[in-house]
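Undergrad: following is a predicted model, sequence given first.
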Amino acid sequence: MLDSLSSSLKDAVKKLAGKTVVDRAAVDELVRSLQRALLQADVNVKLVMQLSQSIKQRALEEEPPRGMSVREHVLRIVYQELVGLMGGAGKVDLAPQTILMAGLQGSGKTTTTGKLARYFKRKGLKVGVICADTFRPGAYQQLATLCAKVDVPIVGSPDEHDALKIVREGMKHFEETEVIIIDTQGRHALEDELIEEIVNINEIARPDHRWLVIDAALGQQARDQARRFNDAIGIDGVLLTKMDGTAKGGGALSAVSETKSGIVFIGAGETTDDLERFDADGFISRLLG
Ligand code: GDP
């Protein structure tokens, strides 16, 4: 997504160089290139249209600030609107907190839980992980292995089928722990049982954050998943996984916009090291070159 968006934007913005007034034809052309790139990246059509509308309106109506060229003025508007679309970077506190992980099976929830455990531990916080995924066979073992690698304690059991019981026990066990991360079951689809369970876990654990894990390869389904989890528990951050692949990542923008939250972290690989904080400003600056 970045490469194609970046090059078409650069081409379009180049045409504004040397102009002294913003003319409608140039703005239309810029907006068309932007639309093409965003749609190719699987960004939701409605979102793209909203974005185009505000860029057009602002570029034509707002006076460039004194000393700013027309090109810089329009670029700044595109930049601000894109940052707005991404929701900015989601908030991550280096403080005691409970984080509830939501997302479908295969999204990378368990891997990301291990990555987050390492992240907070390296920041000097005392971390504990609860494995409330009692649905997927092998989930506990996978998470236990990851936790052992980063030397973080885990509560859970491969033989216990009651996720709520595990969460209750875990919250009690980790009373003195600073950061508690709860991994939950995913299932293959947005089934009622899945949603019901995460709603119950949310009530028991009363987490400070409810983060949604989204596979960057998802297109429009990202929006449906985000809406369903957001309606159920109120998502306040999105974790985008598998950004090391060929994914376009446009679905994440839809998820972020649907939940009115921001991207908190990006997963870019399978090891516990492969986690990066998302930086919207840097992201867009790179995008616009
Ligand atoms: P869960 O079912 O949501 O808990 O998903 P898992 O954590 O088991 O991940 C599913 C698959 O995606 C595994 O093979 C992971 O190694 C892989 N995976 C997770 N995150 C990433 C990532 O950022 N990059 C890559 N390349 N693979 C990932």
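TA: Nice, I can see it.
Undergrad: need the contact list for the spatially most central residue of the chain.
TA: For the chain, Val238 is the residue whose C-alpha lies nearest the centre (CA atoms, centre = their mean; 2.8 Å). Val238 makes contact with 90, 211-212, 214, 226, 252, 255-256, 259, 261-264 under the criterion CB atoms under 8 Å, 6 or more residues apart in numbering. Where you see a C-beta, it was placed from the backbone N, CA and C, and this is true even at glycine.
Undergrad: now it: phi and psi?
TA: When read as degrees, to the nearest 10, the backbone of Val238 gives phi -120, psi 130.
Undergrad: what separates it from the ligand, distance-wise?
TA: For Val238, the distance to the ligand equals 14 Å [CB to the nearest ligand atom, to the nearest Å].
Undergrad: please apply the same query to Gln80.
TA: 29 Å.
Undergrad: sticking with that residue, tell me its helix or strand.
TA: Using DSSP states H and E, Gln80 falls within helix 70-86.
Undergrad: buried set for that helix?
TA: Neighbour-count burial for helix 70-86, counted by 16 or more other CB atoms under 10 Å, picks out 70-71, 73-78, 81-83, 85-86.
Undergrad: what is the nearest of those residues to Glu160?
TA: Nearest to Glu160 among the buried residues of helix 70-86 is Met86, at 39.3 Å by CB to CB.
Undergrad: in space, what's closest to the closest one - neighbours in sequence excluded?
TA: Nearest-residue entry for Met86: Ala280, 4.9 Å, with adjacent residues in sequence omitted and distances by CB to CB, 6 or more residues apart in numbering.
Undergrad: over to Gln105?
TA: Gly186 (3.3 Å).
Undergrad: quick one: that neighbour and Thr111 touch, right?
TA: No: with contacts counted by CB atoms under 8 Å, Gly186 stays clear of Thr111, the gap being 11.9 Å.
Undergrad: quick one on the thing from earlier: what's the neighbour count on the residue nearest to Met86?
TA: By the other CB atoms under 10 Å criterion, the neighbourhood of Ala280 contains 19 residues.
Undergrad: and Lys19, what element?
TA: Counting by DSSP H and E, Lys19 is part of no helix or strand.
Undergrad: for Thr272, same thing?
TA: Counting by DSSP H and E, Thr272 is part of no helix or strand.
Undergrad: quick check, nearest of the contacts of Val238 to the ligand?
TA: The ligand lies nearest to Ile214 out of those, by CB to the nearest ligand atom, at 10.2 Å.
Undergrad: still on that earlier bit, nearest to the ligand, out of the buried residues of helix 70-86: which one, please.
TA: So of the buried residues of helix 70-86, ranked by how close each gets to the ligand (CB to the nearest ligand atom), first place is Met86, at 18.7 Å.
Undergrad: correct me, but that closest one touches Gly250?
TA: No: using CB under 8 Å, Met86 is not in contact with Gly250, being 11.3 Å away.
Undergrad: what parts of the stretch 1-150 of the chain come near the ligand?
TA: Contact residues (CB under 6 Å from any ligand atom) of the stretch 1-150 of the chain with the ligand: Gly103, Gln105, Gly106, Ser107, Gly108, Lys109, Thr110, Thr111.
Undergrad: now tabulate those in CSV and tack on secondary structure and distance to Ala205.
TA: Listed next are these as CSV, based on DSSP: H, G, I helix; E, B strand; the rest coil; distance: CB to CB, whole Å:
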residue, secondary structure, distance to Ala205
Gly103, coil, 16
Gln105, coil, 20
Gly106, coil, 23
Ser107, coil, 20
Gly108, coil, 21
Lys109, helix, 16
Thr110, helix, 17
Thr111, helix, 21
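Undergrad: could you turn the buried ones of the residues you listed into a PyMOL selection?
TA: The PyMOL command for the buried members of those (criterion: 16+ other CB under 10 Å) is given here:
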select buried, resi 103+105+107+108+109+110+111
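Undergrad: can you redo the residues of the stretch 1-150 of the chain next to the ligand as JSON lines with pLDDT?
TA: Below are these laid out as JSON lines (pLDDT from 0 to 100):
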{"residue": "Gly103", "pLDDT": "95"}
{"residue": "Gln105", "pLDDT": "92"}
{"residue": "Gly106", "pLDDT": "93"}
{"residue": "Ser107", "pLDDT": "95"}
{"residue": "Gly108", "pLDDT": "96"}
{"residue": "Lys109", "pLDDT": "97"}
{"residue": "Thr110", "pLDDT": "97"}
{"residue": "Thr111", "pLDDT": "97"}
